[in-house]
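Trainee: Fold the following, please.
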Amino acid sequence: LGKFNMVPSIDFDQTDEITIPTFGRDEPVKVPSVNINPDYNPFEEERIRPSSTHRSAPVSSSWESLYEGFESSHDNQWTDDEPETMILPSKQNGEEEDEQQMIPSDASSVKNETGTLYFQIKYKYIITSVKSGIMIIDQRRAHERILFEDFLKNIRAGVSVSQQSLFPEEISFNEEDAILLRDIHDDLRIFGFELQEKDERTFAVTGQPSFIKNINASRLIDAILEAFKSGEVDPENEIKEQLATIMAQNACMRPGEILTQAEMAELINKLFLCSAPNFTPGGKTVFSILDNEELEKRFR
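Mentor: Sure, this is the predicted structure:
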């Protein structure tokens, strides 16, 4: 029996176990009984007696005096230090208020730090006040100007700021584009691109410009090759400046990108640090000012 475990093992630790008594062979079996209170009514209201550890204190007769001055202190709790939420009505009076455009409450905190409040219209334009009136900035063109001058600055300093890719993207080209890419490989390296040739038509992008966020390397390289093939880039002129223009046009932010107050402030500050903030490298207007005199004329 012990060899084949036909009997349970002996357990000496039975301190916390429940012992179930067994019936003897000659013991009579009794019917279990239940004791109930026939006078108990569950629908009868009954006062619950408080425990000895918790007793309700008698209510003071002068309890109303405890709330004197509460309303006045509650009304005065708002101060100028708390952020405000500004509402710009988007429709005429009398229409529903939930159709109004709301400016985030964090706008006031940025205003206190920088002294200027910025508004984004259609996620394309940035509006802010200046001494001469209202300035309207095209955020995409502003970013294009900033990137263009950053590229030129790195070229003139002879610095290649490249960020290595953990998972290099492999791009396949046709035979014509592959030959052209080999010819301009050294120029692309100055801008931060590191390319490794896998075969005759396939290249791996092992490094990208570090100061461009969310860059699409494949789309950007295709745009550069297309500019060479279409004659947009003139090899007789300064090729690096032309490449900087193409890269800035294709690497800048797209219309519809939502910017925070801090991001708009940083964009405008960098724009006016540029040598020519008024125009893009292609000659398009970056910002326009609606002067105070024009504003006065519109409301006469």
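
Trainee: residue ranges of the strands in the stretch 101-250 of the chain, please?
Mentor: Per DSSP state E, counting those that start in this stretch, the stretch 101-250 of the chain carries strands over the ranges 101-102, 119-121, 125-130, 133-138, 162-172, 194-197, 202-209.

Trainee: Note down every partner strand of the longest one and its orientation.
Mentor: Sheet pairing for strand 162-172, assigned by DSSP bridges, gives strand 202-209 (antiparallel).

Trainee: For the strand it pairs with, buried residues please.
Mentor: Neighbour counts using 16 or more other CB atoms under 10 Å place 203, 205, 207-209 of strand 202-209 among the buried residues. C-betas here are computed from N, CA, C, even on glycine.

Trainee: what is residue 202 paired to in the beta sheet?
Mentor: When bridges are called by DSSP bridges, residue 202 pairs up with residue 172.

Trainee: surely it meets residue 169?
Mentor: No: with contact defined as CB atoms under 8 Å, residue 202 and residue 169 do not form a contacting pair (11.0 Å).

Trainee: Residue 179 is in contact with residue 229, correct?
Mentor: No: using CB under 8 Å, residue 229 is not in contact with residue 179, being 11.3 Å away.

Trainee: JSON lines for the strands of the stretch 101-250 of the chain, including mean pLDDT and distance to residue 220?
Mentor: Below are those laid out as JSON lines (pLDDT from 0 to 100; distance: least, CB to CB, whole Å):
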{"stretch": "strand 101-102", "mean pLDDT": "42", "distance to residue 220": "35"}
{"stretch": "strand 119-121", "mean pLDDT": "93", "distance to residue 220": "26"}
{"stretch": "strand 125-130", "mean pLDDT": "94", "distance to residue 220": "25"}
{"stretch": "strand 133-138", "mean pLDDT": "95", "distance to residue 220": "21"}
{"stretch": "strand 162-172", "mean pLDDT": "83", "distance to residue 220": "11"}
{"stretch": "strand 194-197", "mean pLDDT": "88", "distance to residue 220": "12"}
{"stretch": "strand 202-209", "mean pLDDT": "87", "distance to residue 220": "9"}
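
Trainee: mind checking which of those strands is nearest residue 249?
Mentor: For residue 249, the closest of the strands of the stretch 101-250 of the chain is strand 133-138, at 13.3 Å, according to CB to CB.

Trainee: In the stretch 201-300 of the chain, what residue spans correspond to helices?
Mentor: Read by DSSP state H, counting those that start in this stretch, the stretch 201-300 of the chain holds these helices, from start to end of the chain: 217-229, 239-251, 261-271, 292-298.

Trainee: do the stretch 51-200 of the chain as well
Mentor: Assigned by DSSP H, counting those that start in this stretch, the stretch 51-200 of the chain shows helices spanning 70-75, 107-114, 139-157, 175-183, 185-190.

Trainee: for these, which one sits closest to residue 297?
Mentor: Of all the helices of the stretch 51-200 of the chain, helix 139-157 sits nearest to residue 297, with 27.1 Å by CB to CB.

Trainee: Who are the packing partners of that closest one?
Mentor: strand 125-130, helix 239-251, helix 261-271 (3 or more CB pairs under 8 Å, 6 or more residues apart in numbering; DSSP states H and E).

Trainee: try 6 Å
Mentor: When contacts are defined as 3 or more CB pairs under 6 Å, 6 or more residues apart in numbering; DSSP states H and E, helix 139-157 packs onto helix 239-251, helix 261-271.

Trainee: low-scoring stretches of the stretch 51-200 of the chain, by residue?
Mentor: Within the stretch 51-200 of the chain, the ranges that satisfy pLDDT under 70 run 51-115, 160.

Trainee: Find the nearest non-adjacent residue to residue 245, please.
Mentor: Excluding the flanking residues, the one nearest residue 245 by CB to CB, 6 or more residues apart in numbering is residue 281, at 4.3 Å.
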